[in-house]
Each structure stands twice: as structure tokens, then as C-alpha cells.
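1. Sequence and predicted structure are below.
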Amino acid sequence: MTIRIRFLPDDVTVEAQPGEPLLQVAHRAGISIPTGCLMGSCCACEVTIEEWGDVRACITSVPPGSADLTINLFSDPTW
């Protein structure tokens, strides 16, 4: 089962598999999400998934059985 992931504000959509890391999905879609520690502590990779709220992309995977997701990217000028 594939899940469509839509990245805003670029309006890029890509298909992903459950369990696939969000950073990997974004990279495959040509989307760059800033990273720092890659452990979720620094919050550099924080994105907003409309259906869930704020998550850290470096430690979040596409959940099984989820509907299509929309991810809002925002930038922090300090990263």
C-alpha cells in the first residue's frame, strides 16, 4: 500500500511506503529538510504534518495504514 505525501509550500507530491523515513521520502522528492543532530533533540528538522501536528522528520516514519499526508515545511533562518 502506498501513501501519497504532499510537501508544501513547494506543492510536490511523492508516493511512500509505510515505515519509510520522512527524510528519505523528502530527499526522493527533491525536497531539502534541514537537519542537525539527526536524533530529534535539536528540532532543526521539525515539520508540520497537517493530520498530526509538529513532528521531527529525522525520527518520524510514514505510519502503516495512514491516509495521504500533507507536510508543511517552514524554515528557521538560524539553520
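-> Structure received. Numbering: from 1, shown residues only.
2. CA atoms for contacts and neighbours, from now on please.
-> Will do.
3. Show me the strands in this structure, by range?
-> 3-8, 12-16, 46-49, 53-56, 69-72 (DSSP state E).
4. Save those strands as JSON lines, and put in mean pLDDT, mean neighbour count and distance to Cys37 too.
-> As requested, those are arranged in JSON lines below (pLDDT from 0 to 100; neighbours: other C-alpha atoms under 10 Å; distance: least, C-alpha to C-alpha, whole Å):
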{"stretch": "strand 3-8", "mean pLDDT": "95", "mean neighbour count": "19", "distance to Cys37": "22"}
{"stretch": "strand 12-16", "mean pLDDT": "96", "mean neighbour count": "16", "distance to Cys37": "24"}
{"stretch": "strand 46-49", "mean pLDDT": "93", "mean neighbour count": "20", "distance to Cys37": "12"}
{"stretch": "strand 53-56", "mean pLDDT": "94", "mean neighbour count": "15", "distance to Cys37": "11"}
{"stretch": "strand 69-72", "mean pLDDT": "94", "mean neighbour count": "20", "distance to Cys37": "21"}
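5. Can you say which of the ones you listed is nearest to Pro63?
-> strand 3-8 (9.3 Å; C-alpha to C-alpha).
6. give me the number of residues near the residue nearest to Ser61 when sequence neighbours are not counted?
-> Using C-alpha to C-alpha, 6 or more residues apart in numbering and skipping the chain neighbours, the partner closest in space to Ser61 is Pro21 (4.1 Å). By the criterion of other C-alpha atoms under 10 Å, Pro21 has 17 neighbours.
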